[in-house]
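Chemist: Okay, sequence plus prediction incoming.
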Amino acid sequence: MAIGDTLTRVIDSARRGAFGETDEDEAATAGRSGTAPEAAPDAIALLEADHANVKRLFEQVLGDGSGSIASERKTIEKILEELTLHAKLEETHFYPAVQKKSKRDTEDRERVLEAVEEHAAMKDLMRRIKRSTGRDETLRAKVQVLKEIVEHHVAEEEGELFPEARRLLGEKQLRALGAEFAKIKARAAGGPRAASATRKRGTSAGPAPARRRAAKG
């Protein structure tokens, strides 16, 4: 299955949950169609799909330079969005899970700490790219350097951290993390509709009842 198809399937699955369709509904639908529902990919599969997607976007913006400035800017914005969400998933969910399972002063913890520092360097450059305006002659150079930082980061994660994380966390926890990743990605992709559905379920912060009553009064 193609990476794009995997991401689409995972996000669609999370959206069904966000908008009220239960696992039973999905099972019933699968029964009518004669097919069994597929299990969601684990967290590492989703992170690797992110890596591949960002690589494709970098190749698109740093190609032969035939695209318009507007299209290049749009692709760069997409790269920054993808990297921001990806870093958030790793820093708030994946890395802490690996650290929790690893022992103190082990190579596993060192790999996580190094990855966090690489994220910091990446975010600093991303902020500089965001501040770039007009026909900035250094923009493509900045994007090229960001690509190199990301490539180094990806090589270390996929070559060292991810295999160790798979051993430490196991399939069950990785799939649980993958389901959480899918929900976060669905909310990010769904915009106002997903946020509205989340508020209806009472899982999103909003004005407290007391505040609403005070505002009416």
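Modeler: Now that the structure is in, tell me what you want to look at.

Chemist: just the strands in this structure please.
Modeler: Here the chain has no strands by DSSP state E.

Chemist: Next up, the contacts around E91.
Modeler: Applying Cβ atoms under 8 Å, 6 or more residues apart in numbering, we find E91 in contact with 116, 119. Bear in mind the C-beta positions are built from the backbone N, C-alpha and C, glycine included.

Chemist: For it, give me the pLDDT.
Modeler: pLDDT, the model's per-residue confidence, is 97 for E91.

Chemist: which stretches of this structure aren't confidently modelled?
Modeler: Counting by pLDDT under 70, the ranges of the chain that qualify are 1-40, 105, 134, 191-217.

Chemist: And the helices in it?
Modeler: In the chain, the segments counted as helices under DSSP state H are 3-18, 23-33, 43-61, 69-89, 95-101, 107-131, 139-156, 162-190, 192-200, 209-216.

Chemist: tell me which strands and helices the fourth one is in contact with?
Modeler: This points to helix 69-89. In terms of contacts (3 or more Cβ pairs under 8 Å, 6 or more residues apart in numbering; DSSP states H and E), helix 69-89 is packed against helix 43-61, helix 107-131, helix 139-156, helix 162-190.

Chemist: With the fifth one instead?
Modeler: Helices and strands touching helix 95-101, by 3+ Cβ pairs under 8 Å, 6+ apart, are helix 107-131, helix 162-190.

Chemist: P41 is in contact with G178, correct?
Modeler: Yes. Between G178 and P41 there is a contact under Cβ atoms under 8 Å: 5.5 Å.

Chemist: And L62, how far from I149?
Modeler: 14 Å (Cβ to Cβ, to the nearest Å).

Chemist: Now stretch 64-78 - C-alpha only, CSV.
Modeler: Only the C-alpha atoms of stretch 64-78 are listed here, as CSV (Å, rounded to 0.1, in the frame of the first residue of the first chain):
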residue,chain,number,x,y,z
ASP,A,64,14.8,22.5,-11.2
GLY,A,65,13.5,25.9,-10.0
SER,A,66,10.8,26.0,-12.7
GLY,A,67,7.9,26.6,-10.3
SER,A,68,6.6,30.0,-9.6
ILE,A,69,7.6,31.8,-6.4
ALA,A,70,4.0,31.5,-5.1
SER,A,71,4.0,27.7,-5.6
GLU,A,72,7.4,27.4,-4.0
ARG,A,73,6.2,29.4,-1.0
LYS,A,74,3.1,27.2,-0.7
THR,A,75,5.2,24.0,-0.7
ILE,A,76,7.6,25.5,1.8
GLU,A,77,4.7,26.4,4.1
LYS,A,78,3.5,22.8,3.8
